[in-house]
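Asker: Pasting the sequence and the predicted coordinates here, then a few questions.
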Amino acid sequence: MDRTAFLARVEEYHKGGWRLALINATSTMSTEEQPGGSFDVVWAFARGTDFEYVREQVMPDDEVPSISDSFAAAFLYENEMRELFGINVVGLNVDLGGQLYKTSQKVPFSPSAIRARLEANVAAGIASASTTPPAAPHAAPAAPAPAAGKPA
Amino acid sequence: MKRTVIPFGPQHPVLPEPIVLDLILEDERVVDAVPTIGYIHRGLEMMVERVEYTEMGFVVERICGICSFMHGMGYCVSLESIMKIEVPERAQWLRLIWAEISRIQSHLLWLGLGADAFGFENLFMHCWRMREEILDIFEKTTGGRVIHSVNRIGGVKRDISDAELAAILVRLEELGKEFKKTASVFSTDPSIAHRLGGVGVLTAEEALTTATVGPMARASGIATDTRLNGANLYNQIEFQPITETAGDCLARVVVRLREVDQSIDMIRQAIDKMPKGEGLALENKPRGNPVGETFTRLEQPRGEVVYYVKANGTKYLERFRARTPTFANVPAMIQLVKGCELADVPNIILTIDPCISCTER
């Protein structure tokens, strides 16, 4: 991700009086080209009834800059992304040091953890191969989503 | 000065919610608070991997026992948006009525807990007695007092007859008159004003900086309310967000007091405007599997909730995320307790109306 361009866009929302509504990560499963998978991350902002978002595809080795300089409340979402997804967010204004969530499994939403659970589900007969999401191991990656936009 | 760390929660005398904070004190003054999530983290969002989308709504409404109706509604609205399902009009009106009944019961529950926290047990009992009657309405119309399971993707499972709706309105208006007496105690009693007035002040600027939502933001003078976006037939209801300007614990109480009256008025408008008759369509069932993604925003009793749903054409969703209002209000809560006296911490935390079940999911 282009760190400078991303932070500039976020700062535009800040100057425009937008409120941080949500930061959400979704794991994208491994492919031949990207065996470690990747993350689809959305930073959503609200102002009155308007709702817009910035979207980036984040690779496991990427450093994701914190937006807590512009939106102080981002620290909760950013600590969550680090702990549940293993996304390397840097520069947080409040670093909870992995103490936000107490989960029995480390980074339970990482692509490899999801892959392992999906395979276990198929093996246990909970989900048959035909019902396993196509984002399962070695499936074709989803079509690239728009970098920013308004929800339908 | 030497610093002391005091754990606040997961069990605390004033708060049934298992909130976990490490309070860092200098003498009796709080200088920092570190939240921990996980005491009741259940990994509900992860269950989309093994629960089919048609059944997942029942899981979602179990995120929380107070907001259960609106969690179920938000999930169904999300899937309806992805699958482009048109919900019958009467079903939409019924959802709006149940949503506002849900807001009344949530506010009454919280007002009771608040009264109990600042030592007014009699007021607590009055609030909860009235809330019981709201739960009776839920039980009669949905079959459940806490978990209602009345939302379906494409509509609702049950109808409420026109006669029953009229009877519910009569009962709510009687309750509204009764509630005015209780509300006047909250807003005029000098001991309550002394305990809550000027405590835990969140300015409008701070509310925006900390991305605060719901009654918490409205008590700081920000007229934010997701219902203003007009979705789910709220565009046919006349209302204005209820705001106060003081931004203190008392203002947060007063906003919720006034919102009880507002919700009764909304239900009155909804019953007046909804299509009448027996046997009207309530549900358009989904066909096939969903593909796509959506963000859904609703105004829960505690504020804006955002659902993100991503579906990939199978029976299992790829991602379900609920950003609940308490999650959004935690940064403001931490800011408020910094600098306050230890004795004020319970009231400050309580007046954000924290729902830890929602926050931890």
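Answerer: That came in fine, so what should we check first? Residues are numbered from 1 along each chain as shown, chains lettered A, B, ... in the order given.
Asker: which residues does residue A:108 contact?
Answerer: Taking CB atoms under 8 Å, 6 or more residues apart in numbering or on different chains as the criterion, residue A:108 is in contact with A:84, B:43, B:46. Where C-beta positions appear, they are placed from N, C-alpha and C, glycine not excepted.
Asker: I'd like those laid out as CSV, including distance to residue B:134, pLDDT and secondary structure.
Answerer: Compiled in CSV, those are given as follows (distance: CB to CB, whole Å; pLDDT from 0 to 100; DSSP: H, G, I helix; E, B strand; the rest coil):
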residue, distance to residue B:134, pLDDT, secondary structure
A:84, 36, 87, helix
B:43, 31, 77, coil
B:46, 33, 81, helix
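Asker: Let's verify residue B:246: helix, strand, or coil?
Answerer: coil (DSSP: H, G, I helix; E, B strand; the rest coil).
Asker: Neighbours of the closest residue to chain B within chain A, how many?
Answerer: The minimum distance from chain A to chain B, using CB to the nearest CB, falls at residue A:102 (2.9 Å). By other CB atoms under 10 Å in any protein chain shown, 14 other residues sit near residue A:102.
Asker: Then the one 5 residues further on?
Answerer: One way to gauge burial is a neighbour count; for residue A:107, by other CB under 10 Å, it gives 16.
Asker: If you drop the residues flanking it in sequence, what lies closest to it?
Answerer: Spatial nearest neighbour of residue A:107, excluding adjacent residues (CB to CB, 6 or more residues apart in numbering or on different chains): residue A:86 at 3.9 Å.
Asker: Relative to residue A:61, how far out is the one you found?
Answerer: Noted for residue A:86: a distance of 11 Å to residue A:61, by CB to CB, to the nearest Å.
Asker: circling back: ok, and the closest non-adjacent residue to the residue of chain A closest to chain B?
Answerer: Among residues not flanking residue A:102 along the chain, residue B:38 sits closest, at 2.9 Å (CB to CB, 6+ apart).
Asker: Burial check on residue B:3, number of neighbours?
Answerer: Using other CB under 10 Å: residue B:3 sits among 10 other residues.
Asker: More neighbours: residue A:86 and residue A:61, which one.
Answerer: Neighbours per residue (other CB under 10 Å) separate residue A:86 from residue A:61, with residue A:86 holding more: 19 against 7.
Asker: Pull the contacting residues for the more buried one.
Answerer: Applying CB under 8 Å, 6+ apart, the residues near residue A:86 are A:60, A:107, A:110.
Asker: Look up which residues are beta-bridged to the closest residue to residue A:83 other than its chain neighbours.
Answerer: Counting by CB to CB, 6+ apart, residue A:101 is the residue found nearest to residue A:83 once chain neighbours are left out, at 4.9 Å. Residue A:101 has these beta-bridge partners by DSSP bridges: residue B:37.
Asker: Check what pLDDT the spatially most central residue of chain A gets.
Answerer: In chain A, the centroid-proximal residue (CA atoms, centre = their mean) is residue A:25; its distance is 2.0 Å. We have a pLDDT of 91 for residue A:25.
Asker: now it, what's its secondary structure?
Answerer: Reduced to three states by three-state DSSP, residue A:25 is strand.
Asker: my guess is it meets residue A:87, correct?
Answerer: Yes. Look at residue A:25 against residue A:87 with CB atoms under 8 Å: they come within range, at 6.1 Å.
Asker: who touches both of the two?
Answerer: What both residue A:25 and residue A:87 touch, as defined by CB under 8 Å, 6+ apart, is the set A:39, A:41, A:58, A:81.
Asker: Make JSON lines from those residues and add secondary structure to it.
Answerer: Rendered in JSON lines, the data for the shared contacts of residue A:25 and residue A:87 read as follows (three-state DSSP):
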{"residue": "A:39", "secondary structure": "strand"}
{"residue": "A:41", "secondary structure": "strand"}
{"residue": "A:58", "secondary structure": "strand"}
{"residue": "A:81", "secondary structure": "helix"}
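Asker: Among these, which pair sits farthest apart?
Answerer: A:58 and A:81 (9.1 Å; CB to CB).
Asker: Spit out the residues that contact the two alike.
Answerer: Joint contacts of residue A:58 and residue A:81 (CB under 8 Å, 6+ apart) are A:25, A:41, A:64, A:87.
Asker: how's chain B carved up into domains?
Answerer: B:1-41, B:43-336 (automatic domain parsing).
Asker: out of those, deepest packed?
Answerer: Among those, domain B:43-336 has the highest mean neighbour count (mean count of other CB atoms under 10 Å in any protein chain shown), at a mean of 20.
Asker: can you pull out the strands in chain B?
Answerer: B:3-8, B:20-26, B:29-36, B:151-152, B:155-156, B:291-300, B:303-312, B:317-323 (DSSP state E).
Asker: Output the contacting helices and strands for the fifth one.
Answerer: The one in question is strand B:155-156. helix B:89-117 (3 or more CB pairs under 8 Å, 6 or more residues apart in numbering or on different chains; DSSP states H and E).
Asker: From the contact counts, what lies against the helix it packs on?
Answerer: Counting by 3+ CB pairs under 8 Å, 6+ apart, helix B:89-117 packs on helix B:68-83, helix B:121-142, strand B:155-156, helix B:162-188, helix B:249-273, strand B:291-300, helix B:345-351.
Asker: I'd like these written out as TSV, with mean pLDDT added.
Answerer: Below are the helices and strands packed on helix B:89-117 laid out as TSV (pLDDT from 0 to 100):
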stretch	mean pLDDT
helix B:68-83	93
helix B:121-142	93
strand B:155-156	92
helix B:162-188	92
helix B:249-273	94
strand B:291-300	92
helix B:345-351	86
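Asker: All good on my end, thank you.
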